[in-house]
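>>> I would like to see how this sequence folds:
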Amino acid sequence: MARWLSFRPCPGCSYDIATGEGRRGCGWGDCPYLPPELDVLCPHCRFNFFTMRGNSLCGRPGVCETSAEARANVPNLRLWLAAAGRA
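Next comes the predicted model:
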């Protein structure tokens, strides 16, 4: 089993990594413990490829060269959500 499937947010954190909503339990902008395999945000403009929301700076989020890894992580996030009973 991939280690990222067993990832759990910190106790007291209600930040939803899938939607980007909720209160963070810490002072970090992003979860410092989030496995890279679950990161679905463009590293440049923070466009969310799971929700397809945000302001894509390049105007072409579906083919942005900078965010190929983030786009590839969307199926991982779906699997993680299903394993956590949230799908």
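
>>> tally of neighbours for the residue nearest to residue 13 when sequence neighbours are not counted?
The shortest distance from residue 13 to any non-neighbouring residue, by C-beta to C-beta, 6 or more residues apart in numbering, is to residue 25 (3.2 Å). (Glycine included, C-beta is placed from N, CA and C.) By other C-beta atoms under 10 Å, 14 other residues sit near residue 25.

>>> which ones are touching residue 25?
Contact analysis of residue 25 by C-beta atoms under 8 Å, 6 or more residues apart in numbering lists 9-15.

>>> let's see 6 Å
Going by C-beta atoms under 6 Å, 6 or more residues apart in numbering, residue 25 touches 10, 12-13.

>>> same question, residue 44
Here residue 44 is in contact with residue 66 (C-beta under 6 Å, 6+ apart).

>>> residue 12 versus that one, what's the distance?
Note on residue 44: its distance to residue 12, by C-beta to C-beta, to the nearest Å, is 30 Å.
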